[in-house]
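A.B. asks: I need the structure of the sequence given here:
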Amino acid sequence: MHSILVPTDFSKNTQTALNYAIDLANRFSCKLILFNTYKLSYRAGMYLGVENLMKKESKEQMRVLLKETQHKLKEGAIVEGKVAKGDPISTIITAAKKLEVNLIVMGTQGASGLKEVFIGSTTNGVMIGSKIPTLVVPSDFTYRPLETIALSIDKKLINYKTSLEALRMIIYRYNAQVCVFHIQTKKSNSDKDIEIASQAVLEGIDFSFFEIEAEEQSINQKIRTFVEEKNADMLCMIKRERGFWENLFHNSVTTKEVFQSVVPLLVLHD
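C.D. replies: Residues are numbered from 1 along each chain as shown. Coordinates of the predicted model:
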């Protein structure tokens, strides 16, 4: 991992995500890129002076944050800051792609924890719109050593070995245990070979495999219970454009409830 992008609005909520990103940067001895966006409202857009003031304030706050962050870096990790004008979601996605970062680390925007991610927030927009792995850290999360990762996997995802590259790097660097789980519902066909297939995808990684039976309406609770029982420090899911897990990222209020968990969520893309 050579670079991590951390969007920030300089608030306390994004500071939690930054602290997590700093630990990652130190572990990987990589570059940390702090990124702030600013945007004028339609009415204010006619005033060039207002825009210049916003840009100036953004750069000043970035200067202060860079200084604070630099003191926390070690093992050869470095930090740089960037400020850009534009819509937060599209600007962040474009920057992440242009800078070719390996990971985006973002915080939630409220005390409601990860549930906030799924209520039209900037974090949600980036997570859905970007193909780059995104780690979402709850604003009230207290950092603890990453020892156990819960990974959701299904039959169609096991063919996407490259999707797991970011997760693989994190597992190795933290020497984390991996608990792979597969949700089995009445609507899905049972696949007794999924554990064997998972071994091929996670080649070189020791993991425990669990198949969880659940009704459609109880999936969220089952995931929550599994994460708690395994004392997982991170939940990892792979998002596809269409499929079973896509429902967890859209529409249903019920499915959003699972993401009130206090553990960080790593979203990968196929």
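A.B. asks: Next, count neighbours for Ala214.
C.D. replies: 18 (other C-beta atoms under 10 Å). (Each C-beta comes from the backbone N, C-alpha and C, glycine too.)
A.B. asks: Likewise for Ala197?
C.D. replies: 15.
A.B. asks: just checking, next helix/strand downstream of the helix or strand hosting it?
C.D. replies: Using DSSP states H and E, Ala197 falls within helix 194-201. Using DSSP H and E, the helix or strand that follows helix 194-201 in sequence is strand 207-213.
A.B. asks: Can you list the buried residues in the helix or strand that comes right after that following strand?
C.D. replies: Next helix or strand after strand 207-213 toward the C-terminus (DSSP H and E): helix 219-229. The neighbour-count check on helix 219-229 (16 or more other C-beta atoms under 10 Å) flags 219-220, 222-224, 226-227 as buried.
A.B. asks: Looking at these, which one is closest to Phe207?
C.D. replies: Phe226 (14.0 Å; C-beta to C-beta).
A.B. asks: Pro138 versus that closest one, what's the distance?
C.D. replies: Distance, Phe226 to Pro138, by C-beta to C-beta, to the nearest Å: 18 Å.
A.B. asks: Likewise for Lys82?
C.D. replies: For Lys82, the distance to Pro138 - C-beta to C-beta - is 25 Å.
A.B. asks: neighbour count winner among those two?
C.D. replies: Under the criterion of other C-beta under 10 Å, the comparison of Lys82 against Pro138 puts Pro138 first, with 26 against 13.
A.B. asks: I figured Tyr174 hits Leu167, correct?
C.D. replies: No. With contacts counted by C-beta atoms under 8 Å, Tyr174 stays clear of Leu167, the gap being 10.8 Å.
A.B. asks: Of these two, give the one with the bigger neighbour count.
C.D. replies: When neighbours are counted by other C-beta under 10 Å, Tyr174 and Leu167 differ, and Leu167 comes out ahead with 21 against 18.
A.B. asks: contacting residues around Ser29?
C.D. replies: 75-77 (C-beta atoms under 8 Å, 6 or more residues apart in numbering).
A.B. asks: Could you count how many residues lie near the nearest residue to it once chain neighbours are set aside?
C.D. replies: Distance criterion C-beta to C-beta, 6 or more residues apart in numbering; nearest residue to Ser29, sequence neighbours excluded, is Gly76 at 4.1 Å. Here the number of neighbours of Gly76 (other C-beta under 10 Å) works out to 11.
A.B. asks: before we move on, what SS does Gly76 have?
C.D. replies: With DSSP: H, G, I helix; E, B strand; the rest coil as the basis, the three-state label of Gly76 is coil.
A.B. asks: gap between it and Ile33?
C.D. replies: In terms of C-beta to C-beta, Gly76 sits 16 Å off from Ile33.
A.B. asks: Could you do Ser198 as well?
C.D. replies: Counting by C-beta to C-beta, the gap from Ser198 to Ile33 is 33 Å.
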